[in-house]
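Enquirer: Sequence first, then the predicted structure, then my questions.
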Amino acid sequence: MNPFLGPLDADGRVPASQQTRVAAFLMSAHGALARQLMTALPGRLREGWQVELHIQYCRELELLTLLAGATTWVPDPALPFQFWHWELAWMPQPAEGAQDGRQGRLIDLAAFGHALHAVIRPAALLPENAPPMEPFAVALRRIEFEAGRLMQAHILFLKGPQFESARDVVSAAVEKRHAQVRELWNDMLAGIDVDTSTRHVGDTAYHSVATAAQQGR
């Protein structure tokens, strides 16, 4: 298998079939996160962490809009089943051991967001000769850039005083979501003949938030 997307076509673009599969996965995951963020937002923003959730929600909508417009879409017979499989995986999974259902849902939401932004490195899929201004390539680079900023926000949220009594619960939830996102991302890449080497995933970010959770005791 090729370690990158491609081979590029005569115009230097990633094959439309690969664009479609990668974009569908990212839109499924980021769309699910946006929906969960929207559900978690209160009618009025009274605390700092609620404002942060609202910012993240707006960023997710921006990424979805960018990706939808930058992708060359083609029919993909495998997508209906795969999309259903992904959507089931992204459903809320309240963290076990939380104080109550609300805390469990918030921990899972933050863990899912952190995993999505820390594990997936979409720009690493692009070959070195990919034109820098090709729309799909620009979109993948932008998603990875924004992910770095959002990941830090998730770390601060997971370290926050609202989870002071649930540090072990936070660590377990983050580990669970990281493993899930990594497995599904690698399976998707293997389905389009892309080598699932570690250059396409990030591993160190989990350790940073797990360490932070432990230090926040």
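Expert: Here it is on my side, so go on. Numbers count the residues shown, from 1 in each chain.
Enquirer: Please make it C-alpha for all contacts and neighbour counts, starting now.
Expert: Will do.
Enquirer: Tell me who's in contact with the spatially most central residue of the chain.
Expert: The centre of the chain sits closest to Leu116, judged by CA atoms, centre = their mean, with a distance of 2.2 Å. When contacts are counted by CA atoms under 8 Å, 6 or more residues apart in numbering, Leu116 is found next to 29-30, 178, 181.
Enquirer: Assumed it was part of a strand.
Expert: No - with DSSP: H, G, I helix; E, B strand; the rest coil as the criterion, Leu116 is located in helix rather than a strand.
Enquirer: OK, contacts around the residue of the chain most remote from its centre?
Expert: Residue farthest from the centre of the chain, counting by CA atoms, centre = their mean, is Ala10 at 30.8 Å. By CA under 8 Å, 6+ apart, the contact set of Ala10 is empty.
Enquirer: thought Pro127 was touching Arg13?
Expert: No - between Pro127 and Arg13 there is no contact under CA atoms under 8 Å: 10.4 Å.
Enquirer: all helices of this protein, in order?
Expert: Listed in chain order, the helices of the chain (DSSP state H) span residues 16-40, 48-70, 79-90, 101-119, 135-159, 167-191, 204-215.
Enquirer: Export stretch 117-128 to CSV, keeping only CA atoms.
Expert: Backbone C-alpha positions of stretch 117-128 (Å, rounded to 0.1, in the frame of the first residue of the first chain) are rendered in CSV as follows:
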residue,chain,number,x,y,z
HIS,A,117,-8.2,16.5,17.1
ALA,A,118,-5.2,14.7,18.5
VAL,A,119,-5.2,11.3,16.8
ILE,A,120,-6.0,12.3,13.2
ARG,A,121,-3.3,14.0,11.1
PRO,A,122,-5.0,14.5,7.7
ALA,A,123,-2.3,16.6,6.2
ALA,A,124,0.2,13.8,6.7
LEU,A,125,-1.7,11.9,4.0
LEU,A,126,-0.6,14.3,1.3
PRO,A,127,2.4,13.4,-0.8
GLU,A,128,5.3,15.9,-1.0
